[in-house]
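K.L.:
Everything below, folded, please.
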Amino acid sequence: MTSTLASQTKLSLDNFLQLPETEPASEYINGQIYQKPMPKGKHSAIQTFLAPAINQVAIPNKIARAFTELRCTFGGRSLVPDITVFSWERIPVDENGEIENTFEIAPDWTIEILSPEQSSTRVIDNILFCLNHGTKLGWFIDPQERSILIFKPGEQPEIKQNQESLSVLSSLGDLRLSVQDVFSWLSLS
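P.N.:
Reported below is the predicted structural model:
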């Protein structure tokens, strides 16, 4: 079960951002703090393989970059999606041209992998929140159901299963993944 760390008194976003980071990460949603569950095996395996699969296509041509467990603070929330993808030109950089520590913008693509004790409603709400703040694509990966829900702004979600191809950012057209590809990372054979 997902735990709420906040008391009944609402906390401001600024006060939340001053708190020490937790392990696993906590998110700030509507004045409340929610600690994400510790990733389990299936979650971890998918996350470990998916981010590099995206980066293998995205980074060499400076198209985009995938990040795991990156805190993104925007629109009054502070979220830590399992994987975020930012178009190359939108990646915040510091005065040295290095990646900033603080991302105060919505990702171009947000990916969430459902853990057994996680609230699917809260996770989907976070994806929809991202879409309402400029995110172009959201994936909701459900290892138990072996399905992936695809979210795009202004469209009905699509449920993808088996051999079906998955939508990716248009700039990453060379990235070809099916639902089966994603869940194949769970097998040791």
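
K.L.:
Beta-bridge partners for Phe67, please?
P.N.:
Thr84 (DSSP bridges).

K.L.:
How far off centre is the longest helix seen in the chain?
P.N.:
Longest helix of the chain, by residue count under DSSP state H: helix 41-58. Here the centre of helix 41-58 is set off from its chain's centre by 12 Å, with C-alpha atoms, centre = their mean, to the nearest Å.

K.L.:
before we move on, what about stretch 157-168?
P.N.:
Distance, centroid of stretch 157-168 to centroid of chain: 17 Å (C-alpha atoms, centre = their mean).

K.L.:
tell me, how many neighbours does the closest residue to Ile59 other than its chain neighbours end up with?
P.N.:
Excluding the flanking residues, the one nearest Ile59 by C-beta to C-beta, 6 or more residues apart in numbering is Arg65, at 6.0 Å. Placement of C-beta: from N, CA and C, glycine included. Neighbours of Arg65 under the rule other C-beta atoms under 10 Å: 18.

K.L.:
Could you list the buried residues of the helix or strand harbouring Arg65?
P.N.:
Using DSSP states H and E, Arg65 sits within strand 64-68. Going by neighbour count (16 or more other C-beta atoms under 10 Å), the buried part of strand 64-68 is Ala64, Arg65, Ala66, Phe67.

K.L.:
That concludes my questions; thank you for your assistance.
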